[in-house]
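**Q** Using only what follows, build the 3D model:
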Amino acid sequence: MPQMNKGGKFIFGKSIVRYDGTIQIPPQAVKEYNITFDKKVYLFTGSKITGGFCVTRKGLLEPSKLGHILTDMPELQSYTLPHGEFVKYKGRFYCWIDISETGQIVLTPSMMEFFHISPNMELLSIRSSDIAFTMGAKGPLLEKAENFEGVIPVF
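**A** Coordinates of the predicted model:
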């Protein structure tokens, strides 16, 4: 999968938001982050520039330098917060949802509205860190992807 420019962000592919809220995470991201391992993922708001949301799992977040997020929000850590319900922590919003063995997640209409995404929208799957990847909805990276002369797989 391409880096759209030398030293730039690595792109796993584009995912189409289906009308029922289903989003297929690109297989390379599923594998690299072993994202289906916990059968649940954490979603949190993306940057103001890229929008969309970031995806991680307990096994990546808990031992990281950002593990305090879960320690400080035990209802998120234990999945006792209702499925898909957002909680605010230090300027970002977090929730958890189930993920299929094949890497599909399903956002409710209220979750899509919260993330400012809609059916048939393309989300760009971007390597963010070793903790999470971003499903970006807007901004310069998406504009570069539109003009990229190589192949960006669509899922």
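
**Q** which stretches of the chain have low pLDDT?
**A** Across the chain, the stretches falling below the confidence threshold (pLDDT under 70) are 1-8, 148-151, 153.

**Q** Can you show me the helices along it?
**A** Counting by DSSP state H, the chain forms helices over residues 27-33, 58-61, 68-72, 74-77, 109-115, 140-147, given from the N-terminal end onward.

**Q** how about residue 132, what does it touch?
**A** For residue 132, the contacting residues are 33, 44, 54-56, 60-61, by Cβ atoms under 8 Å, 6 or more residues apart in numbering. For every residue, glycine as well, the C-beta is placed using N, CA and C.

**Q** Residue 60 now?
**A** Taking Cβ under 8 Å, 6+ apart as the definition, contacts of residue 60 comprise 33, 130-132.

**Q** Now restrict those to buried residues only.
**A** 33, 131-132 (16 or more other Cβ atoms under 10 Å).

**Q** May I see the contacts of residue 132 organised as JSON lines, with distance to residue 89 added?
**A** As requested, the contacts of residue 132 are arranged in JSON lines below (distance: Cβ to Cβ, whole Å):
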{"residue": "33", "distance to residue 89": "21"}
{"residue": "44", "distance to residue 89": "9"}
{"residue": "54", "distance to residue 89": "13"}
{"residue": "55", "distance to residue 89": "16"}
{"residue": "56", "distance to residue 89": "14"}
{"residue": "60", "distance to residue 89": "17"}
{"residue": "61", "distance to residue 89": "12"}
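
**Q** ok, these vs residue 105, which is closest?
**A** The shortest separation between residue 105 and any of the contacts of residue 132 is 7.8 Å, and it belongs to residue 55 (by Cβ to Cβ).
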